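A.B. asks: Let's see this in three dimensions:
(one chain, ligands or ions: 1)
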Amino acid sequence: MRNIAIFASGNGSNAENITNYFANNTEIKVACFLCNNPNAGVIKRAEKLDIPYLVFSRDDMNYSSVVTDFLKQYDIYYIVLGGFLWLLPSTITDMYSERIVNIHPSLLPKYGGKGMYGDKVHEAVIAAGEKESGITIHRINEKYDDGAIICQKTCPVLPNDTPDSLASRVHDLEYEWFPKIIEQDIISLSKS
Ligand code: GAR
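C.D. replies: Next comes the predicted model:
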């Protein structure tokens, strides 16, 4: 079994969608969630889905083995960042190397970087008069939204779009593509 851990800071709709996608898979499963915000919606989703979860602080992540111990406890092979807003420390990235992916709600390198998340991204895309937006699924490195791109999918930005309406179109792309790309990536990493 290839076990996935999903890190999320907010609502967690991608975390739920990915968990459901793999629910009947006999080789890949979502084993746990990790969250840095005790009030985040993703925690309610973990409880509903009966997925074990860890809530951790920045000190837990950067200066203790709380997070790495949890990943070891669940025998985690692959990490998914689904709306996770902190940079991972080298203690985690060294352990997982190429086996960490992030999703970003724009066509990177546009509208990425520190502080660019969620609605802030969609507001900037609309303010710039872009005709197209979309999603980027990429590996991570020591910078925000900067690692090698695995896949991008596009959608139109419509004349009357609000950040919410654009977010909803982008979320649809995320729900369709993120689980499939994760599955393909795990299969290809497992062969190499
Ligand atoms: C998603 O749209 C994801 O692309 C974005 O946060 C949202 C989380 O939604 N990630 C970033 O902005 C990362 N820089 P969710 O909590 O409902 O899955």
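A.B. asks: going forward, measure contacts between C-alpha atoms and count neighbours the same way
C.D. replies: Noted.
A.B. asks: Make sure residue 130 is indeed in a helix.
C.D. replies: No: using DSSP: H, G, I helix; E, B strand; the rest coil, the secondary structure at residue 130 is coil, not a helix.
A.B. asks: Share the number of residues neighbouring the closest residue to it other than its chain neighbours, please.
C.D. replies: In space, and not counting its chain neighbours, residue 130 is closest to residue 157: 6.7 Å by C-alpha to C-alpha, 6 or more residues apart in numbering. The criterion is other C-alpha atoms under 10 Å. On that basis, residue 157 has 21 neighbouring residues.
A.B. asks: Could you pull up phi and psi at residue 157?
C.D. replies: Phi and psi for residue 157, reported as degrees, to the nearest 10, are phi -100, psi 120.
A.B. asks: what pLDDT does it get?
C.D. replies: With respect to pLDDT, residue 157 scores 98.
A.B. asks: Kindly report the same for residue 118.
C.D. replies: Looking at residue 118, its pLDDT reads 86.
A.B. asks: what about it, how many neighbours?
C.D. replies: 17.
A.B. asks: and it, what is it in contact with?
C.D. replies: Residues near residue 118 by C-alpha atoms under 8 Å, 6 or more residues apart in numbering: 83, 105, 167.
A.B. asks: which SS state does residue 107 fall under?
C.D. replies: Relying on three-state DSSP, one would call residue 107 coil.
A.B. asks: I'd like to know how many residues surround it.
C.D. replies: The tally of other residues near residue 107 (other C-alpha under 10 Å) stands at 20.
A.B. asks: dump the residue contacts of it.
C.D. replies: For residue 107, the contacting residues are 133-136, 152-154, by C-alpha under 8 Å, 6+ apart.
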